[in-house]
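Asker: Below: sequence and its predicted model.
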Amino acid sequence: MKRVVIIGAGTGGIILANALSKKLKAEMKGGRLEIVVFDGSESHVYQPGNIDIAFRGADPKIFRRPITQLLSREVRLFKRPVSRIELDNRAVIYDSGLKMDYDYLVVATGSVAAPETIPGLAEASLNFHRSQEDARRVWEALSTFRRGRIVVLTALPHKCPPSPVEAVFLIDELMRKKGIRDEVEIAYATPYTRAYPAHGIADVVEPEMEKRGITTYTLFNIDYVDPSTKKIYSLEREELAYDLLIAIPPHRGAEVVINSGIGGEEGWIPTDKRTLKIRGLDDAYAIGDATDIPISKSGVVAHLEAITTAESIASQIHGMGKVYLYNGRINCPLEMGGRRAVFVSGTYTRQPERQNPSIAKYLMKRLFNRLYWTMLSGALEPIFNIYLGPPYDVNEGAEGVEEVSRDRPV
Amino acid sequence: MRHVVDARGSFCPGPITELIKTYRKAQPGDEIELLATDPAAKSDVAAWAAKSKNEVVEVKEEQGYIRIVIRVTPKGG
């Protein structure tokens, strides 16, 4: 019997497991294949909900569900973490020494917000990326904030590129609602040259920030924070004072990846950005935040990489030999306050373009928050395919066969 | 030491993310060779290098991408 092992039940891991179990139903029914998911967490968290928790005071419970409710019944869930990945032995180790062999492995272990990697940052700042509890603490701090300077600071690398900008817009909106906007200075410190790294989106975001009196400090790469004087110092030799510091901390890969010696000291798995295979291997893939692919670490990327990987693994198991190549599509909503949003859309070959913020896009984002749980099951894939096209090109596997481009506008 | 940073295909978050990741680990005197397809890379890297007082030693248009080489100067000096 063949076995696919998936490590991690985040967005990528769950979508992949469910997609594979649909594609390989006959093999599973006939006892020729099993799909195993490892994850030590009780619940799956819809991470974009952290924005609503941190800046709207939403109840965290809305944004989490037991993993067992989200996985197809045919998938075996091991509710425990993997302690080591042995790529050379095609095995994973769990429960301090038990070993499970695999025929195909997918590492979907995500990323971790790590404020402790910058001196002073963990002590000095709050963040809404590490957990729902952290996001809740941001809401509590904002709820009691009356006067002074709030700094939203971005450090690299981090997941969800739109989230820092969404944070400043929603803080502005919150302070206006509370009637204390005149008493509160909002500053945004970013390592980029513009308020948003993709210039087409920066063209939309910057005038809006200016209009709302948000000060942007560009090319500000945090070096360290001195909590005693409440000052942030940058690698570019600048300093910035704060009364309340909300940081998007640098992220790193999962501990199991680092401990297994796969992704260097920061734990980013060396991954081919098109095939999604761990470089140098034919039976192991990495998807989502866990990879070193230079693309946004976001739910949409994890989702589309999972779909691409499911196709490749199913093709290998069916003996078809097709290779599915991720086209780098992203499509991330960016909320700008005032019930308006834009979508940051592009591929590996098409950069995100300027677009007008609209209520329709905001409503699409809100709708997606509700549809997310259904999306994990794979039930919405036919709709995504009609509107957006598949997120991959297909290489038929035989020599000399030309890649078929299916990169459609999004 | 020369670090090669292949950020081709990255528009969001873009080549600066990859550059900064490597810069944080680099030592004075090291060179970072950045490969990018984002047309904004040239101006972004020039602005970053000017502000952080690092040196851009080469900018070259290759076929379909840009190659930029930066020499790392002592940090915080």
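Answerer: Nice, thanks for sending it over.

Asker: Can you pull out the low-pLDDT segments for chain A?
Answerer: A:397-410 (pLDDT under 70).

Asker: could you list every residue that touches A:Pro373?
Answerer: One thing to correct before we go on: residue A:373 is Trp, not Pro. A:Tyr46, A:Arg65, A:Leu70 (Cβ atoms under 8 Å, 6 or more residues apart in numbering or on different chains). Bear in mind the C-beta positions are built from the backbone N, C-alpha and C, glycine included.

Asker: Any buried residues in the worst-scoring helix or strand of chain B on mean pLDDT, and which?
Answerer: When each helix and strand of chain B is scored by mean pLDDT, DSSP states H and E, helix B:15-25 comes last, with a mean of 91. Buried residues in helix B:15-25, counted by 16 or more other Cβ atoms under 10 Å in any protein chain shown: B:Pro15, B:Ile16, B:Thr17, B:Glu18, B:Leu19, B:Ile20, B:Lys21, B:Thr22, B:Tyr23, B:Arg24.

Asker: count of residues packed around A:Asp182?
Answerer: The local packing of A:Asp182 (other Cβ atoms under 10 Å in any protein chain shown) involves 10 other residues.

Asker: Just confirm it is within a helix.
Answerer: Yes: assigned with DSSP: H, G, I helix; E, B strand; the rest coil, A:Asp182 falls within a helix.

Asker: is stretch A:346-353 up against chain B anywhere?
Answerer: Yes: using Cβ under 8 Å from any Cβ of the partner chain, stretch A:346-353 reaches chain B at A:Gly346, A:Tyr348, A:Thr349, A:Arg350, A:Gln351, A:Pro352.

Asker: so how far is that stretch from its chain's centroid?
Answerer: 18 Å (Cα atoms, centre = their mean, to the nearest Å).

Asker: buried set for it?
Answerer: For stretch A:346-353, by 16+ other Cβ under 10 Å, it's A:Gly346, A:Thr347, A:Tyr348, A:Arg350, A:Gln351, A:Pro352.

Asker: Kindly report the same for stretch A:203-215.
Answerer: For stretch A:203-215, by 16+ other Cβ under 10 Å, it's A:Val204, A:Val205, A:Glu206, A:Glu208, A:Met209, A:Arg212, A:Ile214.

Asker: Now do the second one against chain B, distance only.
Answerer: What it means is A:Val205. Separation of A:Val205 from chain B (Cβ to the nearest Cβ, to the nearest Å) stands at 13 Å.

Asker: Now do the SS call for the residue of the stretch 151-300 of chain A found nearest chain B.
Answerer: Closest approach between the stretch 151-300 of chain A and chain B, counting by Cβ to the nearest Cβ: A:Pro294, at 3.7 Å. With three-state DSSP as the basis, A:Pro294 sits in coil.

Asker: For it, grab phi and psi.
Answerer: phi -80, psi 70 (degrees, to the nearest 10).

Asker: OK, contacts around the residue lying closest to it once chain neighbours are set aside?
Answerer: For A:Pro294, ignoring the flanking residues on the chain, the nearest one in space by Cβ to Cβ, 6 or more residues apart in numbering or on different chains is B:Ser10 at 3.7 Å. Shown in contact with B:Ser10 (Cβ under 8 Å, 6+ apart): A:Pro294, A:Ile295, B:Thr17, B:Glu18, B:Ala36, B:Thr37, B:Asp38.

Asker: okay, among those residues, which ones form the most distant pair?
Answerer: B:Thr17 and B:Thr37 (14.2 Å; Cβ to Cβ).

Asker: what's around residue 37, how many residues?
Answerer: Going with chain A. Counted with other Cβ under 10 Å, A:Val37 comes out at 25.

Asker: Hmm, no, I was thinking of chain B.
Answerer: Neighbour number of B:Thr37 under other Cβ under 10 Å is 17.

Asker: Repeat that for the one 3 residues further on.
Answerer: Neighbourhood size, B:Ala40 [other Cβ under 10 Å]: 21.

Asker: Near chain A, which residues of chain B? Just list them.
Answerer: Close to chain A, as judged by Cβ under 8 Å from any Cβ, chain B has residues B:6-18, B:20-21, B:23-24, B:37-40, B:43-44, B:47-48, B:51-53, B:75-76.

Asker: Now, those that are in strands?
Answerer: B:Asp6, B:Ala7 (DSSP state E).

Asker: quick one on the thing from earlier: any chance of the buried residues of stretch A:346-353 in CSV, with distance to A:Leu367 and secondary structure too?
Answerer: Formatted as CSV, those follow (distance: Cβ to Cβ, whole Å; DSSP: H, G, I helix; E, B strand; the rest coil):
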residue, distance to A:Leu367, secondary structure
A:Gly346, 22, strand
A:Thr347, 24, coil
A:Tyr348, 27, coil
A:Arg350, 25, coil
A:Gln351, 26, coil
A:Pro352, 21, coil
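
Asker: Make a markdown table out of the residues you listed and add distance to A:Ile258.
Answerer: Formatted as a markdown table, those follow (distance: Cβ to Cβ, whole Å):
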| residue | distance to A:Ile258 |
| --- | --- |
| A:Gly346 | 30 |
| A:Thr347 | 30 |
| A:Tyr348 | 27 |
| A:Arg350 | 34 |
| A:Gln351 | 32 |
| A:Pro352 | 31 |
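
Asker: Pick out the most distant pair among those.
Answerer: A:Tyr348 and A:Pro352 (12.2 Å).

Asker: can you count the residues close to the nearest residue to A:Pro391 once chain neighbours are set aside?
Answerer: Distances taken as Cβ to Cβ, 6+ apart put A:Leu304 closest to A:Pro391, at 3.7 Å, once the chain neighbours are dropped. Neighbours of A:Leu304 under the rule other Cβ under 10 Å: 26.

Asker: Who are the contact partners of A:Leu304?
Answerer: A:Leu304 makes contact with A:Tyr326, A:Arg329, A:Pro391, according to Cβ under 8 Å, 6+ apart.

Asker: most neighbours, which of the residues you listed?
Answerer: A:Pro391 leads the contacts of A:Leu304 on contacts (other Cβ under 10 Å) with 29 neighbours.

Asker: So that residue sits against A:Arg329, correct?
Answerer: Yes: shown here, A:Pro391 and A:Arg329 form a contact pair, counting by Cβ atoms under 8 Å, at 4.9 Å.

Asker: Out of the contacts of B:Ser10, the closest to A:Asn369 would be?
Answerer: A:Ile295 (22.8 Å).

Asker: which ones are touching that closest one?
Answerer: Contacts of A:Ile295 (Cβ under 8 Å, 6+ apart): A:Lys273, A:Val301, A:Gly328, A:Ile330, A:Tyr348, B:Gly9, B:Ser10, B:Cys12.

Asker: Around chain B, which positions in the stretch 251-400 of chain A sit nearby?
Answerer: Checking the stretch 251-400 of chain A against chain B by Cβ under 8 Å from any Cβ, the hits are A:266, A:273, A:294-296, A:328, A:330, A:332, A:344, A:346, A:348-352.

Asker: right, and the pair among those residues with maximum separation?
Answerer: Top of the distance list for these (Cβ to Cβ): A:Glu266 and A:Arg350, 28.5 Å.

Asker: In strands only, show me the buried residues of stretch A:203-215.
Answerer: Reading strands off the buried residues of stretch A:203-215 with DSSP E, I get A:Ile214.
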